[in-house]
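Asker: no sequence on this one, just coordinates:
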């Protein structure tokens, strides 16, 4: 990693980017105009800092870009961090945005006669097979995971499985599909993540951005 190489900050597409905007402003990061243009197909953007560029990728890909050194810093939910569990990642700052929870849900019709503490084997649809297996293994429960990337709520309706593990915010989507939360796995928020090798080889520059994000997160 060259000392003169431009640092790359990986940011997630979608809803979380709106919550992240005030944090970027407080950290004095101003992307070029194309970053805010929904019609632009550009993927890498300059900023007001010559030594810092931004890439905008899918939220689930941020951790991979940073872990493998394609980006030096990024913003990712701790759901993504926990799912991949990359040893190359360091997550020094909780930005206190993107709050939601990771939970197990099942149809209302099951709840009355169901006791999660007595499960020994469950079959679930989820985007998070790693977290799900570890969570249930810690309780002595074998979890058979069916990997889906979306529309999780359809799985019980269509007989794919009876339970799902998914992110929950307001709970309205679950309610609209006659599902109820029955087990809490983790509280989720977005974190600044850093490539450990980048921090080791360029401690002053990377450390400065860590402090900027820490102060920005506290100020928002």
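Answerer: It's in. These numbers come from a predicted model, not from an experiment.
Asker: so what's the most centrally placed residue in the chain up against?
Answerer: Using C-alpha atoms, centre = their mean, the residue of the chain that lies closest to the mean C-alpha position is residue 77, 2.7 Å off. For residue 77, the residues meeting the contact criterion (C-beta atoms under 8 Å, 6 or more residues apart in numbering) are 12, 16, 59, 98, 188-191. C-beta: built from backbone N, CA, C; applies to glycine.
Asker: just the strands in this protein please.
Answerer: 7-12, 44-46, 52-57, 73-77, 89-94, 100-107, 121-126, 142-147, 163-168, 179-188, 190-195 (DSSP state E).
Asker: I'd like the contacts of residue 77 as CSV, with pLDDT, neighbour count and distance to residue 47 appended.
Answerer: Below are these laid out as CSV (pLDDT from 0 to 100; neighbours: other C-beta atoms under 10 Å; distance: C-beta to C-beta, whole Å):
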residue, pLDDT, neighbour count, distance to residue 47
12, 95, 23, 17
16, 92, 19, 19
59, 93, 22, 20
98, 95, 23, 21
188, 97, 20, 27
189, 97, 15, 24
190, 97, 29, 19
191, 97, 25, 20
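Asker: quick one: which of those is nearest residue 70?
Answerer: Of all these, the one with the least separation from residue 70 (C-beta to C-beta) is residue 12, at 14.8 Å.
Asker: re earlier: could I get the strands of the chain as a markdown table with distance to residue 26?
Answerer: Below are those laid out as a markdown table (distance: least, C-beta to C-beta, whole Å):
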| stretch | distance to residue 26 |
| --- | --- |
| strand 7-12 | 15 |
| strand 44-46 | 19 |
| strand 52-57 | 15 |
| strand 73-77 | 14 |
| strand 89-94 | 12 |
| strand 100-107 | 22 |
| strand 121-126 | 34 |
| strand 142-147 | 37 |
| strand 163-168 | 26 |
| strand 179-188 | 22 |
| strand 190-195 | 13 |
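Asker: Tell me which of the ones you listed sits nearest to residue 32.
Answerer: Once these are compared by C-beta to C-beta, strand 44-46 is nearest, at 4.8 Å.
Asker: and the closest one, what does it pack onto?
Answerer: Using 3 or more C-beta pairs under 8 Å, 6 or more residues apart in numbering; DSSP states H and E, the elements in contact with strand 44-46 are strand 52-57.
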